[in-house]
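Student: Show me the folded form of this:
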Amino acid sequence: MHEIGHNLGLTHANQGDEYSDDAQYQDYSSVMGGFTGGGPDGPRMCFNGPQNWQLGWYADREIEVDPFATPHWKGRLVGVVDYENASPTDYVTIRLNSGMIGNDYYIAFNRQASFNIEVPEGGDQVLLTSRLSGVPAISTSPTFLLDTMDEGDSYEIIDFAGQMDITIQVERINFVAVPPFAELSINASSEEATRYPTPTPPECKYDDPCDAQEAEIGGPPVVVDLAGCTAERRQDVPTRTGEIEFSSWISFVAPDTGCIQIDYDYVSGNNYDAEMWIFESESGCDTFPFKELAFNFWDEYWDDQVQVYDPLITLTDGSLVPGRTYYVAVDVWWPQGASVGNVTFGDPCYCNIVCRLRSFLRKFF
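Tutor: Model (predicted):
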């Protein structure tokens, strides 16, 4: 189920509020964590709050609570296993949207029953999980389990959206009711705070093959700034709309040899799950879908073990038609960071031709 989750576009479920090796995979309340028990098919368990929100399977039982508009809120949560029996006033997931200022927070009741009976962490507790705010962060960033709460427990979110503190209180958990529910209150420290203006997310530069930067074979490197770009290999390429989205594009004309070698030199920013493709389009830059000729990546799964291939992509099999324009897409998995690098284009077959010519000339001169 973990790998199926990746196919659905879900990322890893981590623990705590820090990006570290100790945090990764440690949210065992979600199948996107690292727990592997429960037999050959894995444990009978579900996804966590932000992942359920992303999937949209329980959209009619989700609510977004705005602490700026409603500083004091009280309501009930039911587990995903009781979704079909929930009343119109019961919710599966609550989201506190910070408006792209830091993290969003998701609250869910992790009812341990039925197809969630083998969940190893947070069973029958109220879970608080965070994720970076904004698009595409809601579908590309990992999630972080912050707390598992029983009846009477509370959790304080400090400096929510840079404006206020928020206290989440589990008032009671009723296991006798049908369906069982958790009642909680959400209280903001300020009733007069107003939201900061929502910041404009960075736009992925050259996010259009027809506006691609032009590379010169053997020439100076092409500088790519990947702020606002996001990797799509696990989102299917091309996308459902038939286009590649949120990628920085570079075009090049295939040399007479029909060979190409592309290198990426990291300069600054993050380097998480960066990806590169070479595409062919026989009908121009605006005709999708493109034909994928090659793909490579570096730092898969944000595991701090950077896997850089040198050269990153090499084609010497005659798959390029000399004189034809090809398109390279570069992006990263991390949505709100920025990765800057230099992309160089070379002809790995050119030296062979020169060497052969020199050898031939030596026979006569």
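Student: which stretches of the stretch 101-250 of the chain aren't confidently modelled?
Tutor: Residue ranges of the stretch 101-250 of the chain with pLDDT under 70: 134-140, 197-201, 231-245.
Student: can you map out the strands along it?
Tutor: For the stretch 101-250 of the chain, the strands defined by DSSP state E, counting those that start in this stretch occupy 103-109, 126-132, 143-149, 154-160, 164-174, 181-188, 213-214, 222-225, 248-253.
Student: any chance of those in a markdown table, plus mean neighbour count?
Tutor: For every residue, glycine as well, the C-beta is placed using N, CA and C. Formatted as a markdown table, the strands of the stretch 101-250 of the chain follow (neighbours: other Cβ atoms under 10 Å):
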| stretch | mean neighbour count |
| --- | --- |
| strand 103-109 | 26 |
| strand 126-132 | 25 |
| strand 143-149 | 22 |
| strand 154-160 | 16 |
| strand 164-174 | 17 |
| strand 181-188 | 21 |
| strand 213-214 | 14 |
| strand 222-225 | 20 |
| strand 248-253 | 22 |
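Student: between those strands, which one is nearest to T11?
Tutor: Closest approach to T11 among the strands of the stretch 101-250 of the chain (Cβ to Cβ): strand 143-149, 7.0 Å.
Student: name the helices or strands packed onto that closest one?
Tutor: Helices and strands touching strand 143-149, by 3 or more Cβ pairs under 8 Å, 6 or more residues apart in numbering; DSSP states H and E, are strand 13-15, helix 49-55, strand 126-132, strand 154-160.
Student: how about 7 Å then?
Tutor: Under the contact definition 3 or more Cβ pairs under 7 Å, 6 or more residues apart in numbering; DSSP states H and E, strand 143-149 sits against strand 13-15, strand 126-132, strand 154-160.
Student: and of the ones you listed, who's closest to A215?
Tutor: That would be strand 126-132 among the helices and strands packed on strand 143-149, by Cβ to Cβ, at 32.1 Å.
Student: partner strands of that closest one, parallel or antiparallel?
Tutor: Take DSSP bridges as the rule and strand 126-132 pairs in its sheet with strand 103-109 (antiparallel), strand 143-149 (antiparallel).
Student: Can you add distance to H12 and give those back as JSON lines?
Tutor: What follows is the strands paired with strand 126-132, written out as JSON lines (distance: least, Cβ to Cβ, whole Å):
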{"stretch": "strand 103-109", "distance to H12": "15"}
{"stretch": "strand 143-149", "distance to H12": "8"}
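Student: Nearest to G5 among the strands of the stretch 101-250 of the chain would be which one?
Tutor: It is, among the strands of the stretch 101-250 of the chain and with distance given as Cβ to Cβ, strand 143-149, at 11.3 Å.
Student: Show residues contacting that closest one.
Tutor: Residues from elsewhere that reach strand 143-149, judged by Cβ atoms under 7 Å, 6 or more residues apart in numbering: 13-17, 23, 27, 29, 48, 50-51, 121-122, 125-131, 155, 170.
Student: Span of stretch 78-86 from start to end?
Tutor: The first and last residues of stretch 78-86 sit 7 Å apart, counting by Cα to Cα, to the nearest Å.
Student: how far does it sit from the chain's center?
Tutor: Relative to its parent chain, stretch 78-86 has a centroid offset of 28 Å by Cα atoms, centre = their mean, to the nearest Å.
Student: any idea of the mean pLDDT in it?
Tutor: Across stretch 78-86, pLDDT averages out at 95.
Student: List the buried residues in it.
Tutor: For stretch 78-86, burial by neighbour count (16 or more other Cβ atoms under 10 Å) applies to V78, G79, V80, V81, D82, Y83, A86.
Student: For G34, list the residues it contacts.
Tutor: Taking Cβ under 7 Å, 6+ apart, one finds Y25, Q26 in contact with G34.
Student: Apply 8 Å and report the result again.
Tutor: Going by Cβ atoms under 8 Å, 6 or more residues apart in numbering, G34 touches Q24, Y25, Q26, Y28.
Student: Turn the residues you listed into a markdown table, columns for neighbour count, distance to V343 and secondary structure.
Tutor: Compiled in a markdown table, these are given as follows (neighbours: other Cβ atoms under 10 Å; distance: Cβ to Cβ, whole Å; DSSP: H, G, I helix; E, B strand; the rest coil):
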| residue | neighbour count | distance to V343 | secondary structure |
| --- | --- | --- | --- |
| Q24 | 21 | 29 | coil |
| Y25 | 21 | 32 | coil |
| Q26 | 19 | 35 | coil |
| Y28 | 19 | 40 | coil |
